[in-house]
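K.L.:
Got a predicted structure plus its sequence, pasted below:
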Amino acid sequence: MAFGKYAVAVGFLAISGAFGPAAAKITQYECKFPYEEARGGGWIPEILILTDDDVKGEITVFDPVIKHFVGNPIPAKLSGRTKARSTYTWELSYRNRGQGGRMIYTFSYFNNGQPAKMKGEPGGYDNSWTGEGTCKVSKG
């Protein structure tokens with residue numbers, strides 16, 4: 001009879017999360033994309049910081065382009081994840097020399113050591129710029 005009470009208590013603790021959070025984590029990508037003038041004159045940033053916070057359910061991105069036009073991190077979305085790759089997207093609206101526009105970005109991180117990829121597409125135009133880089137990934 002005492003063993004039955006113990007089993008019920010252990011089961012309750014396991015369900016209530018007393019043994020720690022199951023999959024709650026924060027993943028931060030700190031990436032470097034070597035600067036090349038041919039990549040759109042700076043629309044693909046040299047540095048990118050993307051934070052995927054499963055605890056808050058928020059994804060934010062920050063880079064020198066965002067800093068210039070917005071000043072603080074902006075929201076991003078997870079657009080796909082497999083065992084090998086995580087892909088995120090975001091849109092940056094901007095004003096430059098009295099004219100406005102938007103850039104649509106896609107960032108992919110590969111778990112197998114392949115270079116990270118970033119693509120920027122100006123909204124309403126057919127051209128795009130791409131870059132490859134390396135990332136330091138930290139999980140908390």
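P.N.:
Great, that's in hand.
K.L.:
avg pLDDT for stretch 97-116?
P.N.:
Average pLDDT, stretch 97-116: 90.
K.L.:
What is the end-to-end distance of it?
P.N.:
Start to finish, the residues bounding stretch 97-116 are 32 Å apart (C-alpha to C-alpha, to the nearest Å).
K.L.:
do the same with stretch 33-50
P.N.:
14 Å.
K.L.:
Where does the residue nearest the centre of the chain sit, in terms of helix or strand?
P.N.:
In the chain, the residue lying closest to the centroid (C-alpha atoms, centre = their mean) is residue 50, at 3.9 Å. Element membership of residue 50 [criterion: DSSP states H and E] is strand 47-53.
K.L.:
Okay, buried residues for the helix or strand just after that strand please.
P.N.:
Where DSSP H and E defines the elements, the next helix or strand beyond strand 47-53 is strand 58-62. Using 16 or more other C-beta atoms under 10 Å as the test for burial, strand 58-62 gives 59-62. Any C-beta I mention is one placed from the backbone N, CA and C, and that applies to glycine too.
K.L.:
now, which of those sits nearest residue 85?
P.N.:
Distances from residue 85 to the buried residues of strand 58-62, taken as C-beta to C-beta, are shortest for residue 59 (15.5 Å).
K.L.:
Please, where are all the helices along the protein?
P.N.:
2-16, 64-69 (DSSP state H).
K.L.:
Lowest-scoring secondary structure element of this structure by mean pLDDT?
P.N.:
helix 2-16 (a mean of 39; mean pLDDT, DSSP states H and E).
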